[in-house]
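A.B. asks: Got a predicted structure plus its sequence, pasted below:
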Amino acid sequence: MSHSCTTIRSLIVGFLAVAGLIVGSTADGGVVESPRQYAEEHYNAAEAMLADGDAEEALQLFAAIVDNFPRTQYPLLSWRAAANLRAGQIEIDLGRVDAGTARFVDVIDGEPPSVWTTRARLGLAKTLLWNREWQAAARLLQTIVDVSGTSGPESDIIAYRDAEDRLTLLHRLWLRAEAGERPWQQAGRYPVDFTFDRPIGIAAGINGVLVTDEGNDSAVFFDSVGTAASFRVADPQRPWWGTSANGFIAAGSMVSAPLRTKSFQFVYSESSRQRPLDDIRAGAGMPDGGWYLVDSEYRGVMRFERDGTYDRILDTGANSEPVDLDRGPRGRLFVIEERRREVLIFDADGVLSAGFAYHDWREPYALAVDSIGYVYVLDRSLKRIDVFDQDGGFLWNLGPVLPGGIELDDPRDLTVDSTGRILIADRGLRTVLVVE
């Protein structure tokens, strides 16, 4: 359950009021809580808020830790670096890239070397990738790999794995392209010991891959080594990954979270009536814990708060028919509008900011956005995947015959993993394909 606004404000205000009194003595001679312990407690409280979807409130508390423990007074306090990094990550997720980048640089340049230095480098490298500063990003990512291969204070296995994946992605999308090669050079069946019936949805997350299969009303989760866990889900549609690595599935009148054995229902406010959503087809999680859902009955992208309260419908134009969506870097949301055959781009606040289309699309049906911000659009009729940069500039296409000779039959969904591999749920072939 979310913290109430009153509780959150009280915690932040109390912290601001007391932070200046952390060292020294109380009036009766007792010792005030140590700076390290006090900062740690409030850091953990901010993490709890963030896990609960309270991004703005968590940001305030992380920022308060940074402001109230200045380096001039507490030069070795590692919790300040940790809080500054987390504040920067939230700023980025909320679309405030310059503010987030400044926090990363502050940690890198101003704090003693630590794992937080390495993770700040990773955050900065991500922003360089979004700006297509490939060489600078590659140098920073290689630095992360190098320092994490030692036993020094900056070694961090989490950042190391992320940096390696992004270097692989860079090699695929930048170096191969520079050499005049195709980014994807072979295709085959997804290497798992599992028999699909009619797979129609797929999503790759940091913990694994989630596939929906309408043939047996199920969702299947594959971990990083390919071990499968199957869950019963009635009327499964598209899956997606939300905040805190939670997997969700659109399933008719509800959203299922099979890995957590939970489900959620949503009500749409229409005039004075409350009407439940009845045909949810796709969704996306937002940094503040909110939801964007595509319901085919209402033909709209609906925004709900983290507690499930209806907020608004995004402006996708008159007589629109959105069919899929995905969240990209910097909090941006990408939506396929099938009737007009275009992709709409919304900023972190849900305001329409841009859009693009391709000249011969017939049935743009599914999309995915990778960690650089490239957009992959599956045209179901053409049996083709078109790849675009962050601004909608065309880059490459694949299909209907994939590298290696496999021909798409009835592709229904696609996703892109952290290394840039494209995974396709093909209902006709009764399998999941991987292009790498």
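C.D. replies: The structure has been received and is ready for your questions.
A.B. asks: Do you know the pLDDT at Tyr310?
C.D. replies: Looking at Tyr310, its pLDDT reads 92.
A.B. asks: beta partners of the closest residue to it other than its chain neighbours?
C.D. replies: Of all residues not flanking Tyr310 in the chain, Ser269 sits nearest, at 4.9 Å (C-beta to C-beta, 6 or more residues apart in numbering). Where C-beta positions appear, they are placed from N, C-alpha and C, glycine not excepted. Note on Ser269: beta-bridge partners Gln274, judged by DSSP bridges.
A.B. asks: For Phe62, give its distance to Pro75.
C.D. replies: Phe62 sits at a distance of 19 Å from Pro75 (criterion: C-beta to C-beta, to the nearest Å).
A.B. asks: Those two: which has the busier surroundings?
C.D. replies: Taking other C-beta atoms under 10 Å, Phe62 and Pro75 do not tie; Phe62 has more neighbours (29 against 12).
A.B. asks: Identify the residues contacting the nearest residue to Ala228 once chain neighbours are set aside.
C.D. replies: Spatial nearest neighbour of Ala228, excluding adjacent residues (C-beta to C-beta, 6+ apart): Phe194 at 4.8 Å. Phe194 sits next to 220, 222, 228 when contact means C-beta atoms under 8 Å, 6 or more residues apart in numbering.
A.B. asks: From Leu94, how far off is the residue found closest to Gln185 once you drop the neighbours it is linked to in the chain?
C.D. replies: Nearest non-adjacent residue to Gln185, counting by C-beta to C-beta, 6+ apart: Pro403, 5.4 Å away. Distance check for Pro403 against Leu94: by C-beta to C-beta, it reads 38 Å.
A.B. asks: These two - which one has more neighbours?
C.D. replies: Neighbour tally, Pro403 and Leu94, criterion other C-beta under 10 Å: the higher count belongs to Leu94, 20 against 15.
A.B. asks: Point out where the chain drops to low pLDDT.
C.D. replies: Across the chain, the ranges flagged by pLDDT under 70 are 1-33, 243-245.
A.B. asks: mind listing the helices in it by residue range?
C.D. replies: Ranges of helices in the chain, per DSSP state H, are 5-18, 35-51, 55-68, 78-93, 97-110, 115-130, 134-148, 157-170, 176-178.
A.B. asks: Would you mind finding the most buried of those helices?
C.D. replies: helix 78-93 (a mean of 25; mean count of other C-beta atoms under 10 Å).
A.B. asks: elements contacting that one?
C.D. replies: In terms of contacts (3 or more C-beta pairs under 8 Å, 6 or more residues apart in numbering; DSSP states H and E), helix 78-93 is packed against helix 35-51, helix 55-68, helix 97-110, helix 115-130.
A.B. asks: Would you pull up how far that helix lies from the middle of the chain?
C.D. replies: 17 Å (C-alpha atoms, centre = their mean, to the nearest Å).
A.B. asks: Tell me what angle it forms with helix 115-130.
C.D. replies: Compare the direction of helix 78-93 with that of helix 115-130 by axes from the mean of the first three to the mean of the last three C-alpha atoms, to 10 degrees and you get 20 degrees.
A.B. asks: now helix 78-93 and helix 35-51, what's the angle there?
C.D. replies: 20 degrees.
A.B. asks: ok so, going back, now render the helices and strands packed on helix 78-93 as TSV, adding distance to Met254.
C.D. replies: Compiled in TSV, the helices and strands packed on helix 78-93 are given as follows (distance: least, C-beta to C-beta, whole Å):
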stretch	distance to Met254
helix 35-51	22
helix 55-68	25
helix 97-110	34
helix 115-130	34
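A.B. asks: right, so of those helices, which gets closest to Gly289?
C.D. replies: With C-beta to C-beta as the criterion, Gly289 lies closest to helix 55-68 of the helices and strands packed on helix 78-93, at 7.0 Å.
A.B. asks: Could you verify my assumption that the residue nearest to Tyr310 touches Arg312?
C.D. replies: No - between Ser269 and Arg312 there is no contact under C-beta atoms under 8 Å: 9.5 Å.
A.B. asks: can you list the helices of the chain in CSV and add distance to Trp241?
C.D. replies: As requested, these are exported to CSV (distance: least, C-beta to C-beta, whole Å):
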stretch, distance to Trp241
helix 5-18, 26
helix 35-51, 15
helix 55-68, 17
helix 78-93, 14
helix 97-110, 21
helix 115-130, 17
helix 134-148, 23
helix 157-170, 15
helix 176-178, 27
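A.B. asks: Can you give me the domain assignment for the protein?
C.D. replies: 5-178, 187-435 (automatic domain parsing).
A.B. asks: Run through the residues that contact Ile90.
C.D. replies: Here Ile90 is in contact with 50, 55, 58-59, 62, 100, 287 (criterion: C-beta under 8 Å, 6+ apart).
A.B. asks: same question, Ala39
C.D. replies: 65, 69, 77, 79-80, 83.
A.B. asks: switch to 6 Å and redo it
C.D. replies: By C-beta atoms under 6 Å, 6 or more residues apart in numbering, the contact set of Ala39 is 65, 69, 79.
A.B. asks: With Leu122 instead?
C.D. replies: 144, 159, 162.
A.B. asks: and the last one, what does it touch?
C.D. replies: If you count contacts by C-beta under 6 Å, 6+ apart, Asp162 has them with Leu122.
A.B. asks: follow-up on the earlier one: between the contacts of Ala39, which is nearest Pro113?
C.D. replies: Of those, the one sitting nearest to Pro113 (C-beta to C-beta) turns out to be Trp79, at 15.8 Å.
A.B. asks: The closest one against Tyr43, yeah?
C.D. replies: Yes - the criterion here is C-beta atoms under 6 Å, and Trp79 meets it with Tyr43 at 5.3 Å.
A.B. asks: What residue, apart from its backbone neighbours, is nearest Phe388 spatially?
C.D. replies: Nearest non-adjacent residue to Phe388 (C-beta to C-beta, 6+ apart): Val375, at 4.6 Å.
A.B. asks: Number of residues surrounding that neighbour?
C.D. replies: Residues contacting Val375 under the criterion other C-beta under 10 Å number 25.
A.B. asks: Since that was my last question, I'll sign off now.
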